[in-house]
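Asker: how would this look folded up:
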Amino acid sequence: VHIQTSRALMVISLLLGFFGIIVSVVGMKCTKVGEEDPVTKSRIAVAGGVLFILSGLCTLAAVSLYATQVTYEFFRESTVPINARYEFGSALFIGWGAASLTVLGGSLLCCSCPAKERRGQQYYRQSQPSTAREYV
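Answerer: Here you go, the predicted structure:
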């Protein structure tokens, strides 16, 4: 049962990460997709960051659930010899690292929300008048 639960959490994590990538790309300031308003774009990027955080938490839960089960099985008294029991593998450590980096990336995207005093303002670059004109 714990393997199926971990598998379901990892599939949910992959789907959340995929949608987080799409939403974050739409919310980037350098893309022309969606709204032209920078406040709306930053809110879309924050939504992508939230999806990344949720994806990282699902990964963390799945990997930790499996690690807890491995630890329980290792220390449980059974007829299986100690050298034939499961131990922590490199996949668990990679999963913990991936979960922490995903949560970190999502939190950095969530920090892209503009300050409250600048939310209603838009900045436009005005063209500077040229001082020297060439006549043809």
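
Asker: Please count neighbours and contacts with C-alpha atoms only from this point.
Answerer: Will do.

Asker: Against Ala67, how distant is His2?
Answerer: According to CA to CA, to the nearest Å, His2 stands 10 Å off from Ala67.

Asker: Of those two, which one has the most company?
Answerer: Neighbours were counted for His2 and for Ala67 using other CA atoms under 10 Å; Ala67 has more, 17 against 12.

Asker: Give the other helices and strands that the helix or strand containing that one contacts.
Answerer: Following DSSP states H and E, one finds Ala67 within helix 38-75. Counting by 3 or more CA pairs under 8 Å, 6 or more residues apart in numbering; DSSP states H and E, the packing neighbours recorded for helix 38-75 are helix 2-27, helix 90-110.

Asker: In the first one, which residues are buried?
Answerer: For helix 2-27, the neighbour count (16 or more other CA atoms under 10 Å) marks 6-7, 9-14, 16-21, 23-27 as buried.

Asker: residue contacts, the closest residue in space to Trp96 that isn't next to it in sequence?
Answerer: Among residues not flanking Trp96 along the chain, Leu60 sits closest, at 6.1 Å (CA to CA, 6 or more residues apart in numbering). Listed by CA atoms under 8 Å, 6 or more residues apart in numbering, the contact set of Leu60 reads Gly95, Trp96, Ala99, Ser100.

Asker: Val23 now?
Answerer: Counting by CA under 8 Å, 6+ apart, Val23 touches Ile44, Ala45, Ala47, Gly48.
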